[in-house]
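*Asks:* quick one: sequence and predicted model below, then my questions.
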Amino acid sequence: MPTVLVIDDDPSVFLLTRKALDGVADIVTAETADEGLELINRRQFDAVLLDIMLPDRNGLALYCEIKEKDRRLPVIFMTVEAASGTAIEAMQLGAFDYVAKPLSVSALRHLISRAIEQRELASVPVAIVADEELAKESGELFIGRSTPMLEVFKAIGRVSKQNVPVLVRGESGTGKELVARALFQYSHRAEGPFLAVNCAALPDTLLESELFGYEKGAFTGADSRRIGKFEQCNKGTLFLDEIGDMASIVQAKVLRVLQDQRFERIGGNNELKTDVRIVAATNRPLEEMVSENTFREDLLYRLNAVTIHLPPLRERPSDIPMLIQHFLSQAKVEFNKPDLEGASPETVEMLKGYSWPGNVRQLRAVVRRCVLDSALPVLVPEVLPNAIKEELAKSATQRPASAIDSVSTASHGNGQPSPTVAGNGSSGNGVSVAGGVGDSASGIGQDSAAALAAPGGRTDAVDGMASMSNEMPFSHDDSDADEPNGLGLPALVDNLFEQKSTDMYSEVIAYAERYLLLRVLRETEGNQSKAAAILGITRGKLRDRIASYDIRLESGVRIGE
Ligand SMILES: Nc1ncnc2c1ncn2[C@@H]1O[C@H](COP(=O)(O)OP(=O)(O)OP(=O)(O)O)[C@@H](O)[C@H]1O
């Protein structure tokens with residue numbers, strides 16, 4: 001049974017708490033701060049109920065001492081005070097909750113049960129570590145290690161130094177503006193300006209003057225000449241977000257800039273020249289809009305010479321742990337939460353399982369909200385928004401049990417392990433580069449892309465998460481008789497004794513290794529990159545091990561004869 005420490009000099013509180021927690025937890029009591037601290041030094045508690053006004057010390061001061069000993073211990077403050085100041089201070093310090101006396105039995109029972117439950121959930125090692133150092137070095141990182149994101153990074157590398165317009169497509173919140181910034185940062189124009197205009201945010205006439213400027217007297221209210229973004233951005237990069245929302249008159253003018261880099265200010269006769277690279281973004285079906293005559297076909301052809309597609313987050317769940325770590329680390333620094341340790345394995349699993357309709361922007365918002373809401377140093381599932389819990393609960397009831405076991409993996413026709421097996425249904429071809437841009441310039445290859453996304457240390461925590469989320473190999477129950485299920489280990493050892501083996505060590509290790517490889521490859525649906533990440537070995541080493549155990553990635557992951 002869990003144990004709750006109640007520190008209060010009012011014996012009636014002991015009685016009440018005992019009644020409230022009957023059958024839920026044992027109670028240990030202390031009447032002074034010193035007595036309470038001494039008990040905490042001697043033994044483990046699952047929650048503390050702490051009075052603010054103690055005879056020998058202020059409860060808030062004692063709270064800080066308790067946290068030094070055990071920062072995961074949930075502490076609930078009690079007070080008779082009506083002033084809001086202490087409540088605010090207590091919550092700022094990271095108290096689990098704050099209740100006013102007189103206490104209600106049922107509310108107290110509920111609150112302490114919740115604290116005990118969270119303490120239990122938070123008592124596991126964190127799956128993802130919130131790392132202040134990462135936040136300091138990361139700045140505006142563009143994160144991704146999934147195959148489609150590596151394709152995006154490679155495409156940025158291929159085209160960033162080419163002076164061509166780029167069209168970035170993808171759902172809202174997938175990082176289209178980050179692509180535009182990366183294209184700018186890795187271009188010859190990096191010393192020039194980068195300006196962004198959201199075409200959907202401005203009415204048509206305002207957008208036109210924003211982009212092209214106007215002369216004094218061009219229209220009522222134009223008291224002086226105004227320089228537009230195309231002029232301001234000379235020798236730089238202009239990001240036109242939501243280009244599908246641009247009115248046709250503005251489309252025509254933008255087309256002219258794209259064709260010969262010339263334009264006039266509104267109300268002006270002088271033809272002006274500018275040298276601007278345009279990166280445009282949209283989530284709208286521009287081809288359909290062309291057939292409906294709401295978007296100019298010639299502008300679409302000009303813009304989509306190079307197109308970069310950003311995949312939605314649900315198609316690249318392997319990026320989620322790294323993104324969580326990035327946002328957690330940032331929030332830890334920004335919200336000044338030095339005690340924040342990270343996210344529990346269950347929380348990470350839940351975040352990985354959600355569909356993220358708002359993509360990375362939504363994930364960022366959720367992580368930040370959780371950091372703000374969490375009273376414990378470890379983010380546990382309880383702090384997740386209801387929308388996530390509800391969706392996961394719904395999909396858990398709908399998922400057929402057999403789905404978990406089905407492994408379908410691509411392979412080369414020759415039956416050899418495929419070096420690039422695509423998991424989770426994503427094509428791995430997130431980027432299409434058309435016309436005018438050769439393959440020669442490859443500024444950001446796989447390695448630099450990973451470096452761009454993942455400064456040192458980050459992957460360890462992510463790998464730690466992945467391996468923790470798996471079952472222990474030898475307890476895995478696998479009914480397929482052709483494959484080792486780990487359960488035969490004791491029998492194997494017995495057998496080897498019987499045979500008077502002189503090579504028991506390598507035989508047992510080989511058995512365990514084969515089982516482990518198979519289990520992890522099943523888990524990743526044959527995706528070797530993911531498997532290598534989970535195992536904490538390089539892909540080369542994994543390929544080598546797969547070959548040496550003759551594991552074939554065919555319609556299922558199998559170990560050969
Ligand atoms: N891969 C990523 N790594 C780190 N942060 C990301 C990533 N993708 C998106 N973000 C963050 O998510 C938020 C939304 O990104 P961004 O504004 O680039 O999306 P968008 O696709 O342009 O959205 P919209 O279409 O709504 O304008 C930003 O805070 C951005 O920094």
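*Replies:* Now that the structure is in, tell me what you want to look at.
*Asks:* poorly predicted segments of the stretch 51-200 of the chain, please.
*Replies:* Low-confidence segments of the stretch 51-200 of the chain (pLDDT under 70): 81-84, 137-140.
*Asks:* so where do the helices sit in it?
*Replies:* Ranges of helices within the stretch 51-200 of the chain are 59-69, 84-93, 105-121, 132-138, 147-159, 176-185, based on DSSP state H, counting those that start in this stretch.
*Asks:* of all the ones you listed, which one is nearest the ligand?
*Replies:* helix 176-185 (3.4 Å; CB to the nearest ligand atom). (C-beta placed from N, C-alpha, C; glycine too.)
*Asks:* run through who's touching stretch 502-510.
*Replies:* The contact list for stretch 502-510 (CB atoms under 8 Å, 6 or more residues apart in numbering) reads Leu489, Leu492, Val493, Leu496, Phe497, Ser501, Tyr549.
*Asks:* what's the nearest residue to the second one if we skip its chain neighbours?
*Replies:* So that's Leu492. Residue nearest to Leu492 in three dimensions, not counting chain neighbours: Tyr511, with 5.7 Å by CB to CB, 6 or more residues apart in numbering.
*Asks:* pull the number of nearby residues for the one you found.
*Replies:* Tyr511 has 17 neighbours, counted by other CB atoms under 10 Å.
*Asks:* repeat for Gln92
*Replies:* 10.
*Asks:* show me what from the chain comes close to the ligand.
*Replies:* Contact residues, the chain versus the ligand (CB under 6 Å from any ligand atom): 141-144, 170, 172-178, 241, 281, 283, 323, 360-361, 364.
*Asks:* deepest of the helices of the stretch 51-200 of the chain, which one?
*Replies:* helix 147-159 (a mean of 24; mean count of other CB atoms under 10 Å).
*Asks:* which other helices and strands contact that one?
*Replies:* Taking 3 or more CB pairs under 8 Å, 6 or more residues apart in numbering; DSSP states H and E as contact, the helices and strands that helix 147-159 lies on are helix 176-185, strand 306-309, strand 431-433, helix 446-453.
*Asks:* ok, the closest residue in space to Val380 that isn't next to it in sequence - contacts?
*Replies:* The shortest distance from Val380 to any non-neighbouring residue, by CB to CB, 6+ apart, is to Leu121 (4.1 Å). By CB under 8 Å, 6+ apart, Leu121 lies in contact with Ser344, Glu346, Val378, Val380, Pro381, Glu382.
*Asks:* could these go into a markdown table alongside distance to Ser209 and neighbour count?
*Replies:* Formatted as a markdown table, the contacts of Leu121 follow (distance: CB to CB, whole Å; neighbours: other CB atoms under 10 Å):
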| residue | distance to Ser209 | neighbour count |
| --- | --- | --- |
| Ser344 | 52 | 25 |
| Glu346 | 53 | 17 |
| Val378 | 52 | 25 |
| Val380 | 52 | 22 |
| Pro381 | 50 | 19 |
| Glu382 | 51 | 18 |
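*Asks:* restricted to strands, list the residues you listed.
*Replies:* Of the contacts of Leu121, the ones assigned to strands by DSSP state E are Val378.
*Asks:* take the contacts of Leu121 and write them to a markdown table, including pLDDT.
*Replies:* Output for the contacts of Leu121, formatted as a markdown table (pLDDT from 0 to 100):
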| residue | pLDDT |
| --- | --- |
| Ser344 | 91 |
| Glu346 | 90 |
| Val378 | 92 |
| Val380 | 91 |
| Pro381 | 90 |
| Glu382 | 88 |
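*Asks:* for Leu16, state which of the contacts of Leu121 is nearest.
*Replies:* Glu382 (25.2 Å; CB to CB).
*Asks:* quick revisit: out of the contacts of stretch 502-510, which are buried?
*Replies:* Leu489, Leu492, Leu496 (16 or more other CB atoms under 10 Å).
*Asks:* could I get the phi/psi values of Leu542?
*Replies:* phi -60, psi -40 (degrees, to the nearest 10).
*Asks:* how many residues are close by it?
*Replies:* Residues near Leu542, counting by other CB under 10 Å, number 22.
*Asks:* quickly note the distance from it to Leu521.
*Replies:* Per CB to CB, to the nearest Å, Leu542 is found 9 Å from Leu521.
*Asks:* same question for Ala95.
*Replies:* 46 Å.
*Asks:* between those two, who's got more neighbours?
*Replies:* Leu521 (27 against 21).
*Asks:* residue boundaries of the strands in the stretch 201-350 of the chain?
*Replies:* Here the stretch 201-350 of the chain has its strands, by DSSP state E, counting those that start in this stretch, at 213-214, 226-227, 237-241, 262-263, 272-273, 277-282, 306-309, 342-343.
*Asks:* direction included, what does the longest one pair against?
*Replies:* In its sheet, strand 277-282 lies beside strand 166-169 (parallel), strand 237-241 (parallel), with partners assigned from DSSP bridges.
*Asks:* circling back to that earlier point, most tightly surrounded among the strands of the stretch 201-350 of the chain?
*Replies:* strand 342-343 (a mean of 28).
*Asks:* before we move on, the earlier item: shared neighbours of Leu542 and Leu521, which are they?
*Replies:* Gln528, Ala531.
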